[in-house]
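Engineer: predicted model, plus sequence, below.
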Amino acid sequence: MIQNKKVKIVATLGPAIKDKADIRRLVENGANVFRLNFSHGEHADHAERLQWIRAVEQEMGTPIGILMDLQGPKLRVGKFADGAVILQKGQAFRLDLDNAPGDTTRASLPHPEIIEALKPGMNLLLDDGKLRLNVTAADAEGVDTEVLVGGELSDRKGVNVPEAVLELSPLTEKDHRDLQFGLEIGVDWVALSFVQKPEDIAEAKAIIQGRAFLMAKVEKPSAVEYLDEIVSQADAIMVARGDLGVELPAETIPAIQKRIVESCRQQGKPVVVATQMLESMRNSPAPTRAEVTDVANAVYEGADAVMLSAETASGDYPIEAVSMMRKIIHEVESDPNYLARLDINRPFPDATVSDAISCAIRRISRILPVAALVNYTQSGTTSLRAARERPKAPILSLTPSLTTARRLTVVWGIQSLVDESFSDCEHIVEAAFEAVEQREMADDGDMLVITAGAPFGRPGSTNMLRVETYESGKTA
């Protein structure tokens, strides 16, 4: 099955998706990658869903990506003697390491790393930002605060510390167990939560050891501060607007989103825009106009993929949500100004043969009636550089590696075809014609741009570009 869109869709799985048939319907309506959210569900649930995906992948003959999303550290207050308290604006309130149940004057904060990092003048956010406290004094056992924004506070509510970098690994004991399980069952991507600095990426990659690709979630203010370094270290980035919107003022999120997308485009890394994109479709068969505009803006900005969370995991209209997202993407990509806008903000090429060829591809696809860009690749590196240029024609990636094809499911504009013969292809043009004919991507007389590298199998070795007139039946 061929999906006629360049921007990809990531759909989160959950109880709303009942069986393999539902997975197939999601793919038929536009889903390219499935997210397994390890903040919820048991290992057996995730393993079953992965088996459904792999079965559909085989039946449909199209690579499907699987992204496991690690929970990361969850910082929470302790319990209260009466279950909940009301904090009044202006009152004093202490957070400490004492595990005794809390009351209206204090609560347990069983996280020494937070107590250690807090300084007078810093703010604390509780319960997804509904309550705000300002630190007035700090010692080794706790912090004294003044309530700036009050309200009800109950057992185990979350704590956010936007102004401090915590000496805390992004991987908890649960994450280590989940990660090992995910790698064993064969996920393609790992989304890392609670990234604060580039070193967090290195820690996770040391465990993964190349068995999957790493997607860093930008959801902390410190991650924004170290953005370019984190993009450089990660294989892809997720704009996790939910937690980011808790820790930073909501009005700053659109500009930060644009900055993240631009950094990823410049470095040639895939970027996924996530959280509340079609939130109302959890309970409604149609989105709000503002949500449609939000998805469209992410596409116009140059995102590689857009993501659905609760809309497909637990909503009443998962298929309709994916279908609506596909329609929005298609509408934007049909706008003559879409590629022109992307071209204005195109990244600066590196002084390499691969980038020179990628830039040439973009120019050729705008001058000639090019039906497809056919790219031979082993690791996916060359396809990533081609996609970075946002060419007009679709990119058909020919690879002998199913692992590579699954990685590229999250990347803008790329369709992949997997065959072992692509590892050492003697008849480059004929094999490209055969692949295009199989995908029904061109008519006789259309132009194909073909890129490859010699020797085959060496990442980043693209050094050949050919422009050919397509002739059906001219196969290897």
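Structural biologist: Perfect, thanks for sending it.
Engineer: so for residue 311, what's the pLDDT?
Structural biologist: On pLDDT, residue 311 comes in at 98.
Engineer: packing partners for the helix or strand hosting it?
Structural biologist: Assigned by DSSP states H and E, residue 311 falls within helix 310-313. The contact analysis (3 or more Cβ pairs under 8 Å, 6 or more residues apart in numbering; DSSP states H and E) places helix 310-313 against strand 8-13, helix 318-333. To be clear about C-beta, it is placed using only N, CA and C from the backbone, and glycine gets the same treatment.
Engineer: do that again at 10 Å, thanks
Structural biologist: Judged by 3 or more Cβ pairs under 10 Å, 6 or more residues apart in numbering; DSSP states H and E, helix 310-313 is in contact with strand 8-13, strand 33-37, helix 318-333.
Engineer: looking at these, which is buried most?
Structural biologist: Ranked by mean neighbour count under mean count of other Cβ atoms under 10 Å, these are led by strand 8-13, which reaches a mean of 28.
Engineer: now do it and strand 33-37, the angle between them.
Structural biologist: Strand 8-13 and strand 33-37 are oriented at 30 degrees to each other (axes from the mean of the first three to the mean of the last three Cα atoms, to 10 degrees).
Engineer: how about the following helix or strand past strand 8-13, which residues are buried there?
Structural biologist: Using DSSP H and E, the next helix or strand after strand 8-13 towards the C-terminus is helix 20-28. By neighbour count on 16 or more other Cβ atoms under 10 Å, the buried set for helix 20-28 is 20, 22, 23, 24, 25, 26, 27.
Engineer: list the contacts for the second one?
Structural biologist: With contacts defined as Cβ atoms under 10 Å, 6 or more residues apart in numbering, residue 22 is in contact with 13, 16, 49, 52, 56, 312, 318, 319.
Engineer: name the nearest of these relative to residue 412.
Structural biologist: Using Cβ to Cβ, residue 312 comes nearest to residue 412 of those, at 20.9 Å.
Engineer: surely residue 138 is within a strand?
Structural biologist: Yes - counting by DSSP: H, G, I helix; E, B strand; the rest coil, residue 138 is located in a strand.
Engineer: can you name the residues that contact the nearest residue to it once chain neighbours are set aside?
Structural biologist: The shortest distance from residue 138 to any non-neighbouring residue, by Cβ to Cβ, 6 or more residues apart in numbering, is to residue 118 (5.3 Å). Residue 118 makes contact with 95, 109, 124, 135, 137-138, 142-143, 145, 161, 163-164, 166, according to Cβ under 10 Å, 6+ apart.
Engineer: list only buried entries from those residues.
Structural biologist: When these are checked for burial by 16+ other Cβ under 10 Å, the buried set is 95, 109, 124, 135, 138, 142, 143, 145, 161, 163, 164, 166.
Engineer: in strands only, show me those.
Structural biologist: Within these, residues falling in strands by DSSP state E are 95, 124, 135, 138, 142, 143, 145.
Engineer: between those, which is nearest residue 280?
Structural biologist: Nearest member of these to residue 280, counting by Cβ to Cβ, is residue 124, at 30.9 Å.
Engineer: could you verify my assumption that the closest one touches residue 111?
Structural biologist: No - Residue 124 is beyond contact range of residue 111, at 11.3 Å (criterion: Cβ atoms under 10 Å).
Engineer: could I get the CA-only coordinates of stretch 288-305 as CSV?
Structural biologist: Extracted C-alpha coordinates of stretch 288-305, given in CSV (Å, rounded to 0.1, in the frame of the first residue of the first chain):
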residue,chain,number,x,y,z
THR,A,288,-11.9,22.0,16.5
ARG,A,289,-10.8,24.5,13.9
ALA,A,290,-7.9,25.5,16.2
GLU,A,291,-6.7,21.9,16.3
VAL,A,292,-6.8,21.6,12.5
THR,A,293,-4.7,24.8,12.4
ASP,A,294,-2.3,23.4,14.9
VAL,A,295,-1.6,20.3,12.9
ALA,A,296,-1.4,22.3,9.7
ASN,A,297,1.1,24.7,11.2
ALA,A,298,3.4,21.8,12.3
VAL,A,299,3.3,20.5,8.7
TYR,A,300,4.0,24.0,7.3
GLU,A,301,7.0,24.4,9.7
GLY,A,302,8.6,21.3,8.2
ALA,A,303,8.0,18.6,10.8
ASP,A,304,8.8,15.0,9.7
ALA,A,305,5.8,13.6,11.6
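Engineer: so how far is it off the chain centroid?
Structural biologist: Relative to its chain's centre, stretch 288-305 lies at 15 Å (Cα atoms, centre = their mean, to the nearest Å).
Engineer: please identify the buried residues of it?
Structural biologist: 291-292, 294-296, 298-305.
Engineer: out of those residues, who's nearest residue 154?
Structural biologist: residue 291 (30.2 Å).
Engineer: neighbours around the closest residue to the closest one other than its chain neighbours, how many?
Structural biologist: Using Cβ to Cβ, 6+ apart and skipping residues adjacent in sequence, the residue nearest residue 291 is residue 278, 5.1 Å away. Close neighbours of residue 278, defined as other Cβ atoms under 10 Å, add up to 28.
Engineer: also residue 219?
Structural biologist: Using other Cβ under 10 Å, residue 219 has 26 neighbouring residues.
Engineer: just to revisit the earlier point, need the buried residues of helix 20-28 in JSON lines (columns: distance to residue 442 and pLDDT).
Structural biologist: Output for the buried residues of helix 20-28, formatted as JSON lines (distance: Cβ to Cβ, whole Å; pLDDT from 0 to 100):
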{"residue": "20", "distance to residue 442": "33", "pLDDT": "97"}
{"residue": "22", "distance to residue 442": "33", "pLDDT": "98"}
{"residue": "23", "distance to residue 442": "30", "pLDDT": "98"}
{"residue": "24", "distance to residue 442": "27", "pLDDT": "98"}
{"residue": "25", "distance to residue 442": "29", "pLDDT": "98"}
{"residue": "26", "distance to residue 442": "28", "pLDDT": "98"}
{"residue": "27", "distance to residue 442": "24", "pLDDT": "98"}
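Engineer: got TSV for those, with distance to residue 254 too?
Structural biologist: Compiled in TSV, the buried residues of helix 20-28 are given as follows (distance: Cβ to Cβ, whole Å):
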residue	distance to residue 254
20	38
22	33
23	33
24	35
25	33
26	28
27	31
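Engineer: looking at those residues, which is nearest residue 357?
Structural biologist: residue 27 (31.9 Å).
Engineer: so who does the closest one touch?
Structural biologist: 1, 3, 9, 11, 34, 53, 56-57, 59-60, 62, 64, 322.
Engineer: of all those residues, which two lie farthest apart?
Structural biologist: Based on Cβ to Cβ, the longest span within those runs between 9 and 59 and measures 19.2 Å.
Engineer: just to revisit the earlier point, between residue 124 and residue 111, what contacts are shared?
Structural biologist: Common contact partners of residue 124 and residue 111 (Cβ under 10 Å, 6+ apart): 75, 77, 95, 159, 161.
Engineer: quick one: which of these sit in helices?
Structural biologist: Among the shared contacts of residue 124 and residue 111, no member falls in helices (DSSP state H).
Engineer: among the residues you listed, which one lies nearest to residue 231?
Structural biologist: residue 161 (23.4 Å).
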